[in-house]
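*Asks:* Provided below for reference: sequence and predicted model.
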Amino acid sequence: MAIRHCKKCPVGIAVLASLFIAPATHAAPYVRINQIGYESGEAGRAYVMTTTALASARFKVLNSSGTAVASGTVGATTGTWGKFKVYPIDFTITGAGTYTISVTGPVSATSAKFTIDTPANLYAKALGNTLSFYQTERDGPNFIANSLRTAAAHLNDEAAAITTTAPNNGTKYTANLTTTGSTMDASGGYFDAGDYLKFVETHSYMVGIMLTGIRDFPNQMGAGSTSSNFTSEAEFGLQWLLKMWNDQTQTLYYQVGIGIDFTTSNVLSDHDFWRLPQADDSATPTSAPGFAGVTQSQLQYITHRPVLVAGAAGSKISPNLAGRLAADFALCFQVFHTSNSTLADQCLLAGEHVFALVNTSPSSKLLTTSPYGFYPEAVWQDDLEWGATELSLALRLGDLPTNLPQTSPSYYLMQGANWAKAYIAQGSFDSLNLYDVAGLAHFDLYRAIGVEGASSLAVSQATLLSSLNTLLQANAPKADPFNGLFAWKNGDSGSHVAGLSAMASEIGYLSSSASDVTVARRQASSMFGANGWGVSQIIGDGTVFPDCPQHQPANLIGSHNGASPILAGAVVEGPNSSGSSGNLIAMLACGSKTTYSAFNANGAVYWDWVQSYTTNEPAIDLTATSMLMLGWRIAGTPAGL
């Protein structure tokens, strides 16, 4: 079976965040906590999960000496999670240190140890882990050696055959690929997920978020940080995007490699193999286990991966890709205009050229990936709002490159406002994730309007703030006992929850709302284990996190028990409506369907199993929102524009 990644395509277990953890004793009470810890002096919340009603239970917060530093009554139930009733424990501790929570009354339970400290001390390591994940996902000659990456990969991408997209039925190509007779350098960039494909769709989204973080949190994600400076990673990502958009010929290439097979031949694709990435360039029939009689010809798209072209030179560009690329290139100018003016100028010219070619009347299916079903994005007005807004902010900086088609910030500010209005009017709302970037675009457009002092725009700051509040609550489950704003069963759950935390921070900043900042902290807490499973959704962050991700280097040469080496910083797909299975030869057995089955509830399941791409595959876009979540948590406020 070929495993594919469509934001739903195997990492492990540690020790559940509670006492009474015998695997067969799932009716015991559990205390779910933020395994990273709680911010000093801020309201913290843990939860008791129990099958016994807690009418008068008490709790104590104990320091490392066993002395109670806070106590109180366990709160009234916030609802049910499967067979468990859930009760909140609210506390505020100022002193830094290590603590536990002890519950007494109808049931007795003790939490795992957790930390109280400043946001910087709590989250700096996690942000450094995120940087490590992206370094591990690097492709091409400029890889960064670590325990999971021991060699350069896909050097043959330096002369990739330019190919037109073949028709497909979603699972197989129904005709052979057709090459144009030309090649290009498509090396570099990032592996999309646990596979080795590279997509402009996901890459451009992630790079835009990374650049936003560097600009807004320079002391956490930029040059001011000694442990999580993403600047080199952003430049690495931009260099690949500047290859995929050939500004000289005005041509967009949108994908490297293929992930499905053919009805017309037995030619193999990326998802047919479980191997380390450096094996591809020199793959031979003897290095392709399990394919009896496979020929070298059938390996042609493994050893020499095609690059797919979006259209003829100068042709219109799908608005989702045009908007994101324009945003990326404009953010590039904002970040690098003083430190690397050559790169910055190249980016800004490319950004305006891309935006000028946008197709504002796309067909029913946007251009995302081949096949479209890998990433079925449908809404695009938010992408154009984002692109126009960032171009406006870039032009404000002055010292612009020559031959720039447009130099007026207000020109793009007006377009950003028009597209924001169109986005709001289309009525399909989502929180910040790959398929909806309004959570970024609205925030920057609000700030751009404030800087420009513009009037007579299609939207006002009040309209944008109202829309952000709508987006924050748009997909909130009717009743989530862990104060979640996203139903775990809906997929891409880890990405959504981190995005909701970032958005709540934005709203709290714009409206000076302490309650929204509390919401942001609680969504982050949910990411780090204060959820029904007691599992952090980010590998290496906390004490209980996925051990068995569907990621080839992590599975083949990483540990399967939470010890080093692990794919630290990666956000996995997370709980979903169902798990999935599919074993490939050479895939190492890891995890199971049942480790957390007692805690599956409300239509959501979590399988910490290498085969379950729907719950346990990490990806560059899934991890992206965690960068902003962590930047906000540490910095508190963004740098000024």
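*Replies:* Yep, it's here.

*Asks:* going by C-alpha atoms from here, please, whenever you check contacts or count neighbours.
*Replies:* Noted.

*Asks:* and residue 88, that one's in a strand?
*Replies:* Yes - per DSSP: H, G, I helix; E, B strand; the rest coil, residue 88 lies within a strand segment.

*Asks:* the chain should start at 6 in everything you say after this.
*Replies:* Got it, first residue is 6 now, which makes that one residue 93.

*Asks:* what does the model give the closest residue to it other than its chain neighbours for pLDDT?
*Replies:* Spatially, and ignoring its direct neighbours in sequence, residue 93 is nearest to residue 52 (4.5 Å; C-alpha to C-alpha, 6 or more residues apart in numbering). Residue 52 is assigned a predicted lDDT (pLDDT) of 98.

*Asks:* run a quick neighbour tally on residue 52.
*Replies:* When neighbours are defined as other C-alpha atoms under 10 Å, residue 52 has 26 of them.

*Asks:* contacts for the helix or strand encompassing it, please.
*Replies:* In this assignment (DSSP states H and E), residue 52 forms part of strand 49-55. Strand 49-55 has contacts (C-alpha atoms under 8 Å, 6 or more residues apart in numbering) with 32-39, 43, 89-97, 487, 527, 535.

*Asks:* walk me through which strands that strand pairs with, and which way each runs.
*Replies:* With DSSP bridges as the test, strand 49-55 is paired with strand 35-37 (antiparallel), strand 89-96 (antiparallel).

*Asks:* pipe these into CSV and attach distance to residue 108 and mean pLDDT per row.
*Replies:* Putting those into CSV (distance: least, C-alpha to C-alpha, whole Å; pLDDT from 0 to 100) gives the following:
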stretch, distance to residue 108, mean pLDDT
strand 35-37, 9, 98
strand 89-96, 9, 98
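
*Asks:* ok, which of the ones you listed comes nearest residue 280?
*Replies:* strand 35-37 (36.8 Å; C-alpha to C-alpha).

*Asks:* mind checking the SS state of residue 501?
*Replies:* At residue 501 the chain is in helix, as set by three-state DSSP.

*Asks:* quick revisit: I'd like to know which of the contacts of strand 49-55 are buried.
*Replies:* The neighbour-count test (16 or more other C-alpha atoms under 10 Å) applied to these identifies 33-39, 43, 89-97, 487, 527, 535 as buried.

*Asks:* buried residues of stretch 111-121, list them for me.
*Replies:* 112-121.

*Asks:* how far off centre is that stretch?
*Replies:* 30 Å (C-alpha atoms, centre = their mean, to the nearest Å).

*Asks:* pull up the distance across that stretch, start to finish.
*Replies:* Using C-alpha to C-alpha, to the nearest Å, the end-to-end distance of stretch 111-121 comes out at 28 Å.

*Asks:* ok, and what's touching it?
*Replies:* Under C-alpha under 8 Å, 6+ apart, the answer for stretch 111-121 is 22-25, 34-45, 57-62, 98-108, 127.

*Asks:* what mean pLDDT does that stretch have?
*Replies:* Here the average pLDDT along stretch 111-121 is 96.

*Asks:* before we move on, back to that, and the helix or strand that comes right after the strand holding residue 52, what does it pack against?
*Replies:* Sequence-wise, the next helix or strand downstream of strand 49-55 (DSSP H and E) is strand 63-68. Secondary-structure packing of strand 63-68 (3 or more C-alpha pairs under 8 Å, 6 or more residues apart in numbering; DSSP states H and E): strand 73-78, strand 102-109.

*Asks:* dump the C-alpha coordinates for strand 63-68 into CSV.
*Replies:* Extracted in CSV, the C-alpha atoms of strand 63-68 (Å, rounded to 0.1, in the frame of the first residue of the first chain):
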residue,chain,number,x,y,z
ARG,A,63,-10.4,19.2,47.2
PHE,A,64,-7.0,19.9,45.7
LYS,A,65,-3.6,21.1,46.8
VAL,A,66,-0.8,22.3,44.7
LEU,A,67,2.4,21.0,46.4
ASN,A,68,5.9,22.3,45.8
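
*Asks:* just how off-centre is that strand within its chain?
*Replies:* On C-alpha atoms, centre = their mean, the centre of strand 63-68 falls 35 Å from the chain's centre.

*Asks:* quick one: residues in contact with it.
*Replies:* 73-79, 94, 102-110.

*Asks:* list only buried entries from the residues you listed.
*Replies:* 73, 76, 78-79, 94, 104-109.

*Asks:* tell me the one among those residues nearest to residue 349.
*Replies:* Ranked by distance to residue 349 (C-alpha to C-alpha), those are led by residue 104 at 47.7 Å.

*Asks:* spatially nearest residue to that closest one, not counting backbone neighbours?
*Replies:* residue 68 (4.5 Å).

*Asks:* so the closest residue to residue 42 other than its chain neighbours: helix, strand or coil?
*Replies:* Nearest non-adjacent residue to residue 42, counting by C-alpha to C-alpha, 6+ apart: residue 120, 4.5 Å away. Here residue 120 is strand, with the state taken from three-state DSSP.

*Asks:* again with residue 419
*Replies:* helix.

*Asks:* who's in contact with it?
*Replies:* 462-463.

*Asks:* and it, how far from residue 321?
*Replies:* 21 Å.

*Asks:* the helices in the stretch 156-305 of the chain, which residues?
*Replies:* Along the stretch 156-305 of the chain, the stretches classed as helices by DSSP state H, counting those that start in this stretch are 205-221, 223-226, 236-249, 305-308.

*Asks:* to the chain's geometric centre, what's the distance from the longest one?
*Replies:* It stands for helix 205-221. For helix 205-221, the distance to the chain centre is 10 Å (C-alpha atoms, centre = their mean).

*Asks:* what is that helix packed up against?
*Replies:* Using 3+ C-alpha pairs under 8 Å, 6+ apart, helix 205-221 is in contact with helix 223-226, helix 236-249, strand 256-261, helix 324-341, helix 625-640.

*Asks:* and the helix or strand that contains residue 470, what's its mean pLDDT?
*Replies:* Assigned by DSSP H and E, residue 470 belongs to helix 466-478. On average, the pLDDT along helix 466-478 is 97.

*Asks:* do the same with stretch 408-417
*Replies:* Here the average pLDDT along stretch 408-417 is 96.

*Asks:* that's all I had, so thanks and see you.
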